[in-house]
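Chemist: only geometry, no sequence info:
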């Protein structure tokens, strides 16, 4: 999904894909990082909440759940803090919880800037979805990319597995710099293989430039069971197989 437009544009795109996904039998729609707000903190929270209400109403009518990537302002001790989140709603539109990005990015030569300045830091959680425990990570949470990570690596995929996650949903907005592609893709494959857990990745796109982390499903053997095209917007449907407990 393109995430470089306005909240209104993003809302219309999400509504279109919600309807398409539901018509194809999807139980859940998973979006990239910043799919509603855009990947930045400079948005109008009132406009965002109005758009979110419309999106949720359409999803509720379509009987489909949402793992929705969006930045979102929350009040914490009288302060308005922006979080980079994936917000989770069931098919009835009920809010089940959220994951706010933890491993916030900043350049190694300027710690505390970038995302560390713009967003509050979240904590790890697992969402119970009809008996399936789903872990959520946002972009650098999984990778701890060299050059962009000044916080000690907390190995969040491992912690999610230890918390009982059956699958990890990874919402991404990583850009198109191909220098990082091999690192991004091998990292997720090795985590899926070493933890024996499937990981579903959904990245944002910018124009027709190829992403530096392909969307798709990596199975619990670390194999890419499905790969979405590297350029342009795409809606893809995956069935995830879980290891028996």
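Modeler: Alright, I've got the coordinates. Owing to the predicted nature of the structure, the values given are computational and were not obtained by experimental measurement.

Chemist: most centrally placed residue in the protein?
Modeler: Geometric centre of the chain, nearest residue: residue 171, 1.9 Å, by C-alpha atoms, centre = their mean.

Chemist: ok but it is inside a helix, no?
Modeler: No - assessed by DSSP: H, G, I helix; E, B strand; the rest coil, residue 171 does not belong to a helix; its assignment is strand.

Chemist: Was I right to think it contacts residue 36?
Modeler: No - contact between residue 171 and residue 36 fails when scored by C-beta atoms under 8 Å: they sit 11.6 Å apart. Bear in mind the C-beta positions are built from the backbone N, C-alpha and C, glycine included.

Chemist: Buried ones in the host helix or strand of residue 50, by neighbour count?
Modeler: The secondary structure element spanning residue 50 is helix 45-62 (assigned by DSSP states H and E). Applying a neighbour-count criterion of 16 or more other C-beta atoms under 10 Å, the buried positions in helix 45-62 are 48, 51, 52, 55, 56, 58, 59, 60, 62.

Chemist: for the second one, what are its contacts?
Modeler: Taking C-beta atoms under 8 Å, 6 or more residues apart in numbering as the criterion, residue 51 is in contact with 7, 8, 10, 11, 36.

Chemist: Tell me the buried residues within the residues you listed.
Modeler: Neighbour counting by 16+ other C-beta under 10 Å classes 7, 10, 11, 36 among those as buried.

Chemist: export these to a markdown table and tack on pLDDT, secondary structure and distance to residue 42?
Modeler: Listed next are the buried ones among the contacts of residue 51 as a markdown table, based on pLDDT from 0 to 100; DSSP: H, G, I helix; E, B strand; the rest coil; distance: C-beta to C-beta, whole Å:
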| residue | pLDDT | secondary structure | distance to residue 42 |
| --- | --- | --- | --- |
| 7 | 97 | helix | 11 |
| 10 | 97 | helix | 14 |
| 11 | 97 | helix | 17 |
| 36 | 98 | coil | 14 |
